[in-house]
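Enquirer: Return atomic coordinates for the entry below.
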Amino acid sequence: MGAGMVRGTGVAAVVGVVVLVCAVAGASASGGKSPTPVRKLAPCTLQAGSDTTLGPRPSGLIAYLDGATDGLTTASGATGATGPFSERVFKDYRISGVDLAIGWDILQPTDGPIDWAPLDCTFAQADAHQKFVVLTLLPGWHTPAWALATTTSTTPAADPITACPGSVTATPFAWTYDGSDPPAKTVPDPWNSVYLCRWFNFLKAVEARYGGNPEFRMISVAGPTSISDEMTLPRNPGSPPPGSDLCAVTHPVLVKIDPPCDTAVPPVAKSANGTPVDTYGSDINMWRALGYTPAAYTGAWATAFRHYRAMFTNQYLSLALGDGLPIGSQPSTGAPSVSDPSQTTATPLTVIRTGLGYASRFVLQEDALSGAGASQRRPYAYVQANCADANTGFQTEAPSQPGVSPSALAAALQKGVAAGGRFIEVYQQDVLDTAGSSGHDVQAALNYAYQALQNPVTCAPLTITATPQTATIGTAITITVNSTLSPDELDYNEGVPPTVPATAAIDIYVGSSTSPAITCTTWPCTKTLGSTPGGTTTVTAELAYPPGPGDPPQAPIATAKTSVARTGAGGSGKPCTTTVCNKT
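Expert: Numbering: from 1, shown residues only. Sure, this is the predicted structure:
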């Protein structure tokens with residue numbers, strides 16, 4: 001995902017596409033489809049590294065490989081495979097680096113030595129071809145069973161379990177993709193300190209092995225996660241059919257919810273003709289009963305950022321965005337959390353602010369870049385809103401499908417470029433697709449992105465101007481605010497209810513006033529200033545969502561400022577001072 005000089009080599013890296021490999025256990029992001037036959041990796045020689053510098057920020061095209069459907073395994077000893085990635089990817093001049101996503105349960109299925117084969121081979125390939133590496137290591141749904149065990153022992157202190165004594169609360173959740181229902185898997189409470197402690201101990205071993213490798217450019221921050229590295233949790237709101245007795249199901253946790261509805265993983269329901277129907281479990285109710293609150297969740301992300309920053313001192317830290325849960329605080333200790341739809345936006349914006357605190361080390365990305373339809377998800381707008389303040393990028397939602405028009409891929413790449421992204425991750429399948437007219441069009445789309453990402457577009461998500469900026473007493477000043485962010489995308493929630501109760505708006509503040517001079521729900525937006533204090537006055541524009549009932553203001557999506565000045569004499573003939581000028 002980057003360009004410039006390869007750290008520790010003095011060799012110029014090619015700006016281009018970065019490939020991401022994903023290896024997870026049990027289910028894939030395509031909906032738990034059966035994986036292809038297992039592909040084992042031969043042992044790889046890992047070069048020692050002692051680099052202590054932060055390389056160029058990630059940029060260019062990045063390639064992504066789903067290891068679950070590719071049949072990737074950690075089992076070493078086979079011959080014929082040089083690493084998780086195709087050699088063609090590393091020889092492609094458009095590729096800047098590779099991103100390997102792999103589950104913790106794949107690398108360390110038992111409480112014992114870590115099988116480093118996939119990571120060793122990835123770094124060996126990258127070293128040989130002078131491409132950089134991004135690691136997307138997955139806990140959450142991919143936490144090995146042994147790491148969820150309860151222990152009270154603290155001996156030996158070096159063991160990842162006994163070093164973090166206590167219990168981990170974990171609950172089965174199903175996750176539906178493309179209309180299929182994969183088996184439920186256990187998700188640890190994202191804020192559970194014992195779970196996070198064990199996860200960070202695993203990461204310490206990763207850093208000790210690869211932290212000094214000059215090709216190791218970026219790592220995705222994870223921990224308060226579930227199926228992927230995205231900031232998402234199971235969020236099915238539940239929708240029992242009329243007359244169903246599912247809501248009568250009792251559960252030791254959900255019994256606290258009124259009405260209780262059903263469990264997150266309910267019994268299989270059948271319609272009148274015996275045909276299986278969708279599961280109706282309410283993930284939202286389950287999280288409410290488990291004590292989820294925005295403060296606990298955002299606090300877990302703050303903890304994760306702090307630990308990643310302390311461990312991975314030579315790498316960029318990326319946050320893959322998602323919507324928050326529509327859940328608020330607990331009215332009292334032990335009581336279920338209340339519903340709060342505004343938290344679908346307030347929660348991710350809070351986590352973004354945490355990431356921005358790490359300045360140039362922070363990378364903000366969205367992993368569902370789509371060419372279908374007019375609107376992207378809200379996280380797309382959040383990335384676009386921060387393109388001037390953070391390193392930003394995207395990952396395409398899925399590989400281009402054979403027989404389906406590749407124009408969707410081309411449109412997705414164009415949207416990523418237009419949003420000011422410095423890198424775009426694409427699936428390895430697309431990089432390798434050269435068959436027929438479809439393959440030709442896919443390659444043309446990648447060629448476009450390769451060229452476009454070498455010169456990212458100028459980023460101005462929110463602009464404010466004053467006309468004129470300096471005026472005498474009695475002369476009006478017009479403030480104009482505009483945004484490249486689409487109102488539709490700012491309010492698009494993939495059709496998952498409940499949505500934000502009101503749309504995003506632009507507030508214009510004059511001077512130190514805490515009340516907006518005007519609020520606009522469409523833009524461009526203008527405000528005419530008549531009398532302002534003598535001297536210079538700051539005018540601020542904030543694009544933000546309204547808070548929920550009783551909630552504090554949400555963190556702004558984007559902010560812009562300008563200044564205006566008044567000169568000349570007031571009505572008394574005296575020059576303007578720092579007080580309000582008299583009109584002539």
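Enquirer: Please identify the helix or strand for the residue nearest to residue 311 when sequence neighbours are not counted.
Expert: Distances taken as CB to CB, 6 or more residues apart in numbering put residue 207 closest to residue 311, at 4.7 Å, once the chain neighbours are dropped. C-betas here are computed from N, CA, C, even on glycine. When elements are assigned from DSSP states H and E, residue 207 belongs to helix 193-210.
Enquirer: What average pLDDT does that helix get?
Expert: In this model, helix 193-210 has an average pLDDT of 95.
Enquirer: so the residue nearest to residue 311 sits right up against residue 312, yeah?
Expert: Yes: at 5.8 Å, residue 207 counts as touching residue 312 under the criterion of CB atoms under 8 Å.
Enquirer: So between these two, which is more surrounded?
Expert: A direct count of neighbours by other CB atoms under 10 Å for residue 207 and residue 312 places residue 312 higher, at 21 against 18.
Enquirer: ok, that one to residue 358 distance?
Expert: Here the distance between residue 312 and residue 358 works out to 11 Å (CB to CB, to the nearest Å).
Enquirer: tell me the SS of residue 519?
Expert: Using DSSP: H, G, I helix; E, B strand; the rest coil, the three-state assignment for residue 519 comes out as strand.
Enquirer: got the contact list for it?
Expert: Taking CB atoms under 8 Å, 6 or more residues apart in numbering as the criterion, residue 519 is in contact with 505, 506, 507, 508.
Enquirer: Please compute how far the strand or helix carrying the third one lies from its chain's middle.
Expert: Spelled out, that is residue 507. Counting by DSSP H and E, the secondary-structure element that holds residue 507 is strand 505-510. The gap between the average C-alpha position of strand 505-510 and the chain average comes to 27 Å, counting by CA atoms, centre = their mean, to the nearest Å.
Enquirer: I'd like the mean pLDDT over that strand, please.
Expert: 95.
Enquirer: Partner strands of the following helix or strand past the helix holding residue 207 and their direction?
Expert: The C-terminal neighbour of helix 193-210 among helices and strands, as given by DSSP H and E, is strand 216-220. With DSSP bridges as the criterion, the sheet partners recorded for strand 216-220 are strand 132-138 (parallel), strand 316-320 (parallel).
Enquirer: Count residues in the vicinity of the residue lying closest to residue 51 once chain neighbours are set aside, would you?
Expert: Taking CB to CB, 6+ apart as the measure, residue 51 lies nearest to residue 214, with 4.2 Å between them; neighbours along the chain are not counted. Counted with other CB under 10 Å, residues neighbouring residue 214 total 23.
Enquirer: Residue 214 and residue 127: what is the separation?
Expert: Plainly put, residue 214 is 8 Å away from residue 127 if you go by CB to CB.
Enquirer: same check, this time on residue 470
Expert: Between residue 470 and residue 127 the distance is 58 Å, computed by CB to CB.
Enquirer: same thing with residue 164?
Expert: When distances are taken as CB to CB, residue 164 and residue 127 turn out to be 33 Å apart.
Enquirer: Same question for residue 560.
Expert: Distance from residue 560 to residue 127, counting by CB to CB: 44 Å.
Enquirer: go on, residue 459?
Expert: Here residue 459 is placed at a distance of 33 Å from residue 127 (CB to CB).
Enquirer: So for those two, which residue has more residues nearby?
Expert: residue 127 (20 against 17).
Enquirer: quick one: the more buried one and residue 215 touch, right?
Expert: Yes: if you go by CB under 8 Å, residue 127 and residue 215 touch, sitting 5.9 Å apart.
Enquirer: give the contact list for residue 210.
Expert: If you count contacts by CB under 8 Å, 6+ apart, residue 210 has them with 49, 119, 123, 133, 135, 216.
Enquirer: What is the nearest of those to residue 439?
Expert: Distance to residue 439, by CB to CB, is smallest for residue 133 among these, at 26.8 Å.
Enquirer: Identify all residues paired with the closest one through a beta bridge.
Expert: According to DSSP bridges, the partner residues bridging residue 133 are residue 98, residue 216.
Enquirer: Does it touch residue 101 like I think?
Expert: No: Residue 133 is beyond contact range of residue 101, at 11.7 Å (criterion: CB under 8 Å).
Enquirer: Walk me through the domains of this protein.
Expert: 4-237+295-366+421-431, 239-281, 462-567 (automatic domain parsing).
Enquirer: Thanks a lot, see you next time.
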